[in-house]
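**Student:** let's see this in three dimensions:
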Amino acid sequence: MGATFRGGAHPYEGKELSENRPIRVLEAGDELVFPMSQHIGAPATPVVAVGDEVKMGQLIGEASGFISANIISSVSGKVTAVEPRTLSSGAKATCVVIANDKNYTPVSGLGKERDYKSLSKDEIRKIVKDAGIVGMGGAGFPTNVKISPKDPDKIDHVIINGAECEPYLTSDYRLMLERPEDLIEGLRIVLSLFDGAKGVIAVEDNKPEAIEKLTYLTESDPNIFVKTLKTKYPQGAERQIIYVTTKRRLHAKLLPADVGCIVDNVQTILAIYDAVAKSTPSMTRVMTLTGDAMSDPQNYLVRFGMSHAEVLEGAGGLKEEAEKLISGGPMMGMAMYTLDTPITKTSSSILAMTHDEVAANEPTNCIRCGRCATVCPCHLVPQMMAQAGERNDLDEFVKLNGMECYECGTCTFVCPAKRRLTQVFKTCRQAVMAKNRKAQAEAAAKKKAEEEKKGKEGA
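**Tutor:** Purely as a prediction, here's the structure:
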C-alpha cells in the first residue's frame, strides 16, 4: 500500500472517462485574450499597444513585482485591444486581445535546443522567470520565486507532485505517460540548482502504468526515485505530499522551502524543461475536458488565450445539457456561469455534469456526527470553525486555527447535513486577510505620520 496521511476521503474518481486516451492538440481561433493576472501576486504590465504586430513567443505583459510573472503571446497577429475582460472567477482583469493571423510566426530562436548543463544556476533561474512559468497545478505561484529560496543549501528534496488526486482530472497522468523522459530531465534541471538535493516523483497508486514507466527510466539515477502514494483525496495537497514524502510537517506560516522542499506540479516541471532545454516559454498547457455530459472526454493541448467556449466546441461539445460546468475538479474547482472566458496558465479542466449535486441538496442543521473532523487533513474541527464563521466571529475562527484550512472541500464532501462548510471557511479566511491588510496599512500610515512629526519637530 502506498504512503499516506491521517484523514482524507475517497470521492468517486471519474478518471476512467479520459485517462486511456492520448492527448490531442486543439488549434486556436480568430481571437485570443491574455489576462495580465494569471498568477498569484501583482498583475503583469502590458508592454504592447493596440495596433502592434506580435509574434508567437513574444513578451506582451511584463512582471510588475517580485511576486509576478511575464505573459507571453501564444500566437502571432495584431493587438486589437488592451482592456478589462471577465475571467472564469467572475472577476475582471486587464487583458491584451490579439487577432490571430494563423501564421504562428515565431520570435527568433523559439524552439532552439539548449544544453542546460552549460548554464549557470542564475542563468537557469532567469530563463524560468523570462518564460513566465507559474505553478500550473492551480495556485499559480511564480516558479522563478519558488526555485530561488533564501537558503538554497537547505533544499534537500525536489518533489514532482504527480498525485493528481482531484477527481476526474487526468492531464498530469497522460503527460507522465507521453512525456516521461522530458519530465525526468526537467526534474534534473531543477536539481542542478540545489547541490545535494534528491528528486522525488510522487504518484498515487491508481496510476500503475506511470509508476512503472517512471521507475524504469530512473532506476539507474541515484538522485531520483519514485514514491508511490495511496490513492486518497487530498493526497496531492502540498502539505500532504511533503509529509508523506519526508515526514516533515508544514503549516500556513511556512513555505515548503522552510522545511527543505521544492514542490512542483507535473506541467510546471515540463514547462521548465521546455523553457530551459527547448527555448520555449510558457504558452500552452494540457486540459482535461470530461464529465458525464461531455461528448468526447479527453485531454487537449491548448494555447493560453483561447476561450473555454472554443475549447469545448473543438473537443466535440456536449452530448446532453450540462446542469453544471466547473473550471477545475469537483472538489476545488469553481462553477462557471459563462464559457466566454480565456484559458490561463492555471486552467486545468472543463468538467461538464448532467446533475448538480450541490443545488440538489439543501443544507440542514449540523448533527454533530464529527465526520468533518475525522477527514480533515489539517486536523482541524470544521464544526466549531463553521459556528464561529456563521457568527462572523473572526477572532474565534483564528483561535480555532481556521487560517490553517486550505479549502480542500473534504469536510463539505463527507457532511451528511450537506452544510457548505468550505464556502464559510473561504469567506472567513478572506475576511481575516483583509482585516490584517487593513491593520498593517494603518500601522504603516501611523508610523509614517509619527516620523514626519518628529522630522518637523527636529527642524
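
**Student:** okay, CA-based contacts and neighbour counts for the rest of this
**Tutor:** Fine.

**Student:** what's the spacing between T354 and V375?
**Tutor:** Going from T354 to V375 by Cα to Cα, to the nearest Å gives 28 Å.

**Student:** which one of these two is surrounded by more residues?
**Tutor:** Neighbours per residue (other Cα atoms under 10 Å) separate T354 from V375, with V375 holding more: 22 against 17.

**Student:** which residues touch the more buried one?
**Tutor:** 6-9, 410-411, 414 (Cα atoms under 8 Å, 6 or more residues apart in numbering).

**Student:** let's see 10 Å
**Tutor:** 6-10, 233, 381-382, 410-411, 413-414 (Cα atoms under 10 Å, 6 or more residues apart in numbering).

**Student:** buried ones among these?
**Tutor:** 7-9, 233, 381-382, 410-411, 413-414 (16 or more other Cα atoms under 10 Å).

**Student:** residues near E62, how many?
**Tutor:** Per other Cα under 10 Å, the neighbour tally for E62 reads 20.

**Student:** do K446 as well
**Tutor:** 12.

**Student:** quick check on it: phi, psi?
**Tutor:** As for K446, its main-chain torsions (degrees, to the nearest 10) stand at phi -60, psi -40.

**Student:** next one, pLDDT for it please.
**Tutor:** K446 is assigned a predicted lDDT (pLDDT) of 91.

**Student:** next one: K456
**Tutor:** On the pLDDT scale, K456 gets 79.

**Student:** can you check A459 too?
**Tutor:** The predicted local confidence for A459 is 63.

**Student:** check A360 too.
**Tutor:** 75.

**Student:** next one: the one 4 residues further on
**Tutor:** For T364, the model assigns a pLDDT of 95.

**Student:** do a quick rundown of the helices in the protein.
**Tutor:** Applying DSSP state H to the chain gives helices spanning 121-130, 143-146, 171-178, 180-191, 208-218, 238-246, 266-278, 308-314, 357-360, 371-375, 382-390, 394-399, 410-414, 421-458.

**Student:** by contact count, what packs against the fourth one?
**Tutor:** Secondary structure elements in contact with helix 180-191, counted by 3 or more Cα pairs under 10 Å, 6 or more residues apart in numbering; DSSP states H and E, are helix 121-130, strand 157-162, helix 171-178, strand 198-204, helix 208-218, strand 224-229, strand 261-265, helix 266-278.

**Student:** and those: which comes nearest E321?
**Tutor:** helix 171-178 (24.0 Å; Cα to Cα).

**Student:** in this structure G199 contacts V226, no?
**Tutor:** Yes - using Cα atoms under 10 Å, G199 is in contact with V226, at 8.5 Å.

**Student:** poorly predicted segments of this structure, please.
**Tutor:** Scanning the chain with the threshold set as pLDDT under 70 gives 1, 459.

**Student:** cutoff 80 now
**Tutor:** 1-2, 138, 359-360, 456-459 (pLDDT under 80).

**Student:** how about R420: what's its closest non-neighbour residue?
**Tutor:** Excluding the flanking residues, the one nearest R420 by Cα to Cα, 6 or more residues apart in numbering is T412, at 6.0 Å.

**Student:** find the pair from the contacts of V375 with maximum spatial separation.
**Tutor:** The span of these, defined through Cα to Cα, is set by H10 and V381 at 19.4 Å.

**Student:** list the residues that contact the residue lying closest to K129 once chain neighbours are set aside.
**Tutor:** Distances taken as Cα to Cα, 6+ apart put N144 closest to K129, at 5.1 Å, once the chain neighbours are dropped. Residues near N144 by Cα under 10 Å, 6+ apart: 66-69, 124-135, 272.

**Student:** any idea how far the residue nearest the centre of the chain lies from E166?
**Tutor:** Most central in the chain under Cα atoms, centre = their mean is G138, positioned 1.7 Å from the mean C-alpha point. According to Cα to Cα, G138 stands 11 Å off from E166.

**Student:** joint contacts of the two?
**Tutor:** 328, 332-333.

**Student:** K426: which of those is nearest?
**Tutor:** For the shared contacts of G138 and E166, the residue nearest K426 by Cα to Cα is M332; the value is 11.4 Å.

**Student:** next, count neighbours for the residue lying closest to A271 once chain neighbours are set aside.
**Tutor:** Distances taken as Cα to Cα, 6+ apart place S282 nearest to A271, at 6.2 Å, with adjacent residues excluded. Using other Cα under 10 Å, S282 has 27 neighbouring residues.

**Student:** give me the phi and psi for S282.
**Tutor:** The phi/psi pair for S282 (degrees, to the nearest 10) is phi -80, psi 110.

**Student:** next up, the contacts around it.
**Tutor:** Counted by Cα under 10 Å, 6+ apart, S282 has contacts 57, 70-74, 128, 130-134, 268, 270-272, 274-275, 303-304, 345.

**Student:** what's the answer for P416, then?
**Tutor:** Counting by Cα under 10 Å, 6+ apart, P416 has contacts 363-369, 371-372.

**Student:** same check on G90?
**Tutor:** Neighbours of G90 in contact, by Cα under 10 Å, 6+ apart: 334, 336-338, 341.

**Student:** any of those buried? List them.
**Tutor:** By neighbour count, with 16+ other Cα under 10 Å, these hold 334, 336, 341 as buried.
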